[in-house]
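Undergrad: Need a 3D model of the sequence below.
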Amino acid sequence: MARGGSNRSRLLLVILLVSSLLLITLDLRGVGVTSGSRNATQVILSPIQKAASDIFAPVGRFMSDVKNFGKTKAQIAELKLANAKLKQEAAFSSDTKGQLAQLKSVLDLAGRGGFKTVSARVIGRGSSSTFSQTITLDAGTGSGIRKNMTVISENGLVGVVKDSTINSSIVLLMSDPTFRIGVRVARTQSVGVLMGEGGGSYTLELLDPAGTMQVGDSLISIGSDNNRPYIPGLPVGAITKVDHTTTSLTQRATVKSFANLNDLGVVSVVLAAPTTAPSKPINPTPRATITVLVTPTPTPSVSGSPTPTAAPSKVKK
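TA: Alright, predicted model coming up:
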């Protein structure tokens, strides 16, 4: 029985060898038997290969992502840090440009008035123990700043120094309700007192009952003895409304200051100034306005020829 099984094994082996030799011989002679079988095998196995690829490809990508996760996380952290530095540099550059622009303008105003000044940055804003409308400067007695010195911006009066240490100063803003300054109406030379109201508007009281004023009139500081606390000839504000209903002997008006007290980055403290007002009024330098000219596009006529434009007529004198 065992011998019969051995004979069958030998017979199967011989058949396989003969079949292999036959296929090799046919393939060498150009007969496409093996090619056809390969194609048939490919057709059968192709769907299986595609299904296997669809199943295992996400797994491979996931493993690759897991492998590179640490590297990607580090790159994201570096990019965030670089972005934060760029934002800081951009903000610092913008702040510096704004301060330089204000400094140039305030020095220009001081130069036209013949004032000797020291400039300082505004480093704080808020109330002190006595006053409600104040700012803090980063310069003090070490820079020559003393109490009761006039403080100006690019557009005129800001306030007066009320306290000073070696490295800082407290400035009372002209908007403070306790603030008072003598002013003169530039057009009529009428004298009055300007009072702070705690906000963006001010009240003017003329001391001369016969004095006149109107909307649009500019106010100039009268000045104090020895220029302390106020220097003369400084632009203060403009009248926006005249009160004609008052029953008192004094005339009243509403005033808007030239200086924007909510937009102070750099100011100057006047260390010395002429004892008399400048011969010409010092007006704030107006900001340049950008004018855009739009040229209309001519509409062509139906024939395509340009539409004639009427020549301007001459007026005989």
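Undergrad: Pull the contacting residues for Thr150.
TA: By C-beta atoms under 8 Å, 6 or more residues apart in numbering, the contact set of Thr150 is Leu157, Val160, Asn227, Pro229, Tyr230, Ile231, Leu234, Val269, Val270, Ala273. Placement of C-beta: from N, CA and C, glycine included.
Undergrad: Select from the residues you listed every entry located in helices.
TA: When the contacts of Thr150 are checked against helices using DSSP state H, none is located there.
Undergrad: Quickly name whichever of those is closest to Ala110.
TA: Val270 (7.3 Å; C-beta to C-beta).
Undergrad: Please, which helix or strand holds Lys80?
TA: helix 33-113 (DSSP states H and E).
Undergrad: got it, and Val122?
TA: strand 116-125.
Undergrad: so what does that strand touch, helix or strand wise?
TA: helix 33-113, strand 134-137, strand 266-272 (3 or more C-beta pairs under 8 Å, 6 or more residues apart in numbering; DSSP states H and E).
Undergrad: tell me which residues in it are buried?
TA: Thr117, Ser119, Ala120, Val122 (16 or more other C-beta atoms under 10 Å).
Undergrad: which residues touch the last one?
TA: If a contact means C-beta under 8 Å, 6+ apart, then Val122 has Ile135, Thr136, Leu137, Leu264, Gly265, Val266, Val267 as its contacts.
Undergrad: hmm, 10 Å instead?
TA: Counting by C-beta atoms under 10 Å, 6 or more residues apart in numbering, Val122 touches 99, 102, 135-138, 153, 158, 171, 264-267.
Undergrad: Of these, keep whichever come out buried.
TA: For the contacts of Val122, buried by 16+ other C-beta under 10 Å: Gln102, Ile135, Thr136, Leu137, Ser153, Val158, Val171, Leu264, Val266, Val267.
Undergrad: Might you report the residue contacts of the second one?
TA: Ile135 sits next to 120, 122-126, 151, 158-159, 169-173, 261, 264, 267 when contact means C-beta under 10 Å, 6+ apart.
Undergrad: What average pLDDT does stretch 117-135 get?
TA: Mean per-residue pLDDT for stretch 117-135: 82.
Undergrad: ends of that stretch, how far apart?
TA: End-to-end distance of stretch 117-135 (C-alpha to C-alpha, to the nearest Å): 18 Å.
Undergrad: Which one of the contacts of Thr150 is nearest to Ile220?
TA: Leu234 (6.8 Å).
Undergrad: Against Gly182, how distant is the residue lying closest to that closest one once chain neighbours are set aside?
TA: The spatially closest residue to Leu234, leaving aside those adjacent along the chain, is Ser221, at 4.2 Å (C-beta to C-beta, 6 or more residues apart in numbering). Taking C-beta to C-beta, to the nearest Å as the measure, Ser221 falls 7 Å from Gly182.
Undergrad: Please say which of the two ends up with more neighbours.
TA: Ser221 (23 against 16; other C-beta atoms under 10 Å).
Undergrad: Touching, that one and Val183? I think so.
TA: Yes - judged on C-beta atoms under 10 Å, Ser221 makes contact with Val183 at a distance of 5.9 Å.
Undergrad: Please list all residues in contact with the closest residue in space to Arg146 that isn't next to it in sequence.
TA: Distance criterion C-beta to C-beta, 6+ apart; nearest residue to Arg146, sequence neighbours excluded, is Ser164 at 6.1 Å. By C-beta under 10 Å, 6+ apart, Ser164 lies in contact with 137, 139-149, 170-171, 269.
Undergrad: quick one, phi psi at Ser164?
TA: phi -150, psi 130 (degrees, to the nearest 10).
Undergrad: OK, contacts around the closest residue to Gly196 other than its chain neighbours?
TA: With sequence-adjacent residues excluded and distances taken as C-beta to C-beta, 6+ apart, Gly196 is closest to Phe179, at 3.7 Å. Phe179 makes contacts with 131, 133, 157, 159-160, 172-173, 194-198, 202, as judged by C-beta under 10 Å, 6+ apart.
Undergrad: again, only this time at 7 Å
TA: Taking C-beta atoms under 7 Å, 6 or more residues apart in numbering, we find Phe179 in contact with Leu172, Met195, Gly196.
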